[in-house]
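Q: coords below, sequence missing:
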Ligand SMILES: NC(=O)CC[C@H](N)C(=O)O
């Protein structure tokens, strides 16, 4: 049976085991390889698609309608041009329709084309998600070919031969080559992003692929924010006379990234510099303190994950995006577990007993997601005042 031309697939997703899923292409034409994960957030697709932590991954959105509100220049999470290398592919249930929102400046497909993100729509994302739930995150190749030509064997081979994220340091690809200052605060209705006046404790953020909203939350808490590249030395950081250091989120395997970051973090711990770690930064603080990290089968990617703060007993609903985890069952004596996931009991927060350092596996800056965890920034800044 021949297909009508309008039904001819213009995109394909081929998994390492040879599974072929056809659909309609959007965004950039071309081909990309990556780990196929799913994200369950119902809003915030633009923030998700610009989060540098997704480098090396292809995102399946479980929410069926993505693109409805278009895109704008404000909801971009990567902070430097280097970190534009976020997810290279996106998988959708329904084809994006014309945007309907007063903030929309562009439609999703045109914006993805500009950013080089390859899209496939018309996929049974429910079935793909169920498969990831049962068998873990597969390696896959996504291709968008407006002419409908695909070399499926070559795509399968590329997916099967791809080395995966384990052992990969991707922070060096998304981190800026130069440091910079950031004064942007939170967004206000009718005003957009406001600027901080440059006063307050000086925070140095190590940028392993930082999300802008981390920088904004710090400025909103009254901090002066300087950002340094991932490979900044202990001396580079101390020269800035920081009141505290934030270890950012970022892509790839924390153990691989830790090869150069852990020695610096150990020196910061020794010097008793207050530290806040977020996501990849959490994993690297844990490694620096002697804990271990490991790969998860499905990871956590969504905007409504329940987490318990063990110090207060409170449950917060958080934004998550990680595929590696700190081994909470074998924490060294100097590390206290402070938060756990109520989905699977995995570790989602630690504090060091011998230094003013703590970290969370989730994204307290949200973007997208609920604002339950903004208190993490407040807790950090309050701690700085006490340490000063
Ligand atoms: N958002 C992040 O910082 C992700 C951390 C790490 N790359 C992981 O997948 O677990």
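A: In hand now; what should we look at? Predicted model, so just to flag it, every value in this text is computed and none were measured. Numbers count the residues shown, from 1 in each chain.

Q: and whichever residue of the stretch 51-200 of the chain sits closest to the ligand, how many neighbours?
A: Closest residue of the stretch 51-200 of the chain to the ligand, CB to the nearest ligand atom: residue 53 (3.2 Å). To be clear about C-beta, it is placed using only N, CA and C from the backbone, and glycine gets the same treatment. Using other CB atoms under 10 Å, residue 53 has 31 other residues around it.

Q: Am I right that residue 214 sits in a helix?
A: Yes: Residue 214 sits within a helix when classified using DSSP: H, G, I helix; E, B strand; the rest coil.

Q: Quick check: closest non-adjacent residue to it.
A: residue 365 (4.7 Å; CB to CB, 6 or more residues apart in numbering).

Q: go on, residue 267?
A: Looking at residue 267 with CB to CB, 6+ apart, the closest residue is residue 234, at 4.2 Å.

Q: ok, the one you found - contacts?
A: By CB atoms under 8 Å, 6 or more residues apart in numbering, residue 234 lies in contact with 263-264, 267-268, 271.

Q: Specify which member of the residues you listed is nearest to the ligand.
A: residue 264 (17.3 Å).

Q: so that closest one makes contact with residue 233?
A: Yes: under the criterion of CB atoms under 8 Å, residue 264 makes contact with residue 233 at 6.6 Å.

Q: Could you check which of those two is surrounded by more residues?
A: Higher neighbour count among residue 264 and residue 233: residue 264, with 23 against 13, using other CB under 10 Å.

Q: show me where the stretch 251-388 of the chain has helices.
A: Secondary structure of the stretch 251-388 of the chain (DSSP state H, counting those that start in this stretch): helices at 254-270, 280-288, 375-387.

Q: Next: the stretch 51-200 of the chain.
A: According to DSSP H, counting those that start in this stretch, the stretch 51-200 of the chain carries its helices in the segments 108-115, 125-135, 152-161, 171-174.

Q: any idea how far residue 299 is from the spatially most central residue of the chain?
A: Against the mean C-alpha coordinate of the chain, by CA atoms, centre = their mean, the closest residue is residue 53 at 3.3 Å. Distance of residue 53 to residue 299, given as CB to CB, to the nearest Å: 11 Å.

Q: for residue 123, same thing?
A: In this view, residue 123 and residue 299 are 19 Å apart by CB to CB.

Q: And for residue 281?
A: For residue 281 relative to residue 299 (CB to CB), the value is 17 Å.

Q: Show me the domain layout of this protein.
A: In the domain annotation for the chain, the residue ranges read 8-161, 171-387 (automatic domain parsing).

Q: List the residues that contact residue 104.
A: For residue 104, the contacting residues are 69-72, by CB under 8 Å, 6+ apart.

Q: nope, residue 8 is what I was after
A: residue 148.

Q: can you tell me how far it sits from the ligand?
A: 36 Å (CB to the nearest ligand atom, to the nearest Å).

Q: List phi and psi for that residue.
A: Dihedral angles of residue 8 (phi, psi; degrees, to the nearest 10) stand at phi -60, psi 130.

Q: From what I see, residue 128 and residue 91 are in contact.
A: Yes: between residue 128 and residue 91 a contact is recorded at 6.9 Å, counting by CB under 8 Å.

Q: pretty sure residue 328 is touching residue 340, no?
A: Yes: between residue 328 and residue 340 there is a contact at 7.1 Å, judged by CB under 8 Å.

Q: shared neighbours of those two, anything?
A: By CB under 8 Å, 6+ apart, the residues touching both residue 328 and residue 340 are 346-347.

Q: tell me which parts of the stretch 251-388 of the chain are close to the ligand?
A: Residues of the stretch 251-388 of the chain lying near the ligand by CB under 6 Å from any ligand atom: 251-252, 254, 279-280, 321-324.

Q: Out of these, give me the one that has the most neighbours.
A: With neighbours taken as other CB under 10 Å, the top of these is residue 280, carrying 33 neighbours.

Q: who touches that residue in this structure?
A: 53, 171, 208-209, 247-252, 254, 257, 322.

Q: now those in JSON lines, with distance to residue 60 and pLDDT?
A: Output for the contacts of residue 280, formatted as JSON lines (distance: CB to CB, whole Å; pLDDT from 0 to 100):
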{"residue": "53", "distance to residue 60": "16", "pLDDT": "97"}
{"residue": "171", "distance to residue 60": "24", "pLDDT": "96"}
{"residue": "208", "distance to residue 60": "24", "pLDDT": "97"}
{"residue": "209", "distance to residue 60": "21", "pLDDT": "97"}
{"residue": "247", "distance to residue 60": "28", "pLDDT": "98"}
{"residue": "248", "distance to residue 60": "25", "pLDDT": "98"}
{"residue": "249", "distance to residue 60": "20", "pLDDT": "98"}
{"residue": "250", "distance to residue 60": "21", "pLDDT": "98"}
{"residue": "251", "distance to residue 60": "17", "pLDDT": "97"}
{"residue": "252", "distance to residue 60": "20", "pLDDT": "97"}
{"residue": "254", "distance to residue 60": "23", "pLDDT": "98"}
{"residue": "257", "distance to residue 60": "25", "pLDDT": "96"}
{"residue": "322", "distance to residue 60": "16", "pLDDT": "98"}
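
Q: If anything else comes up later, I'll come back, but that's it for now.
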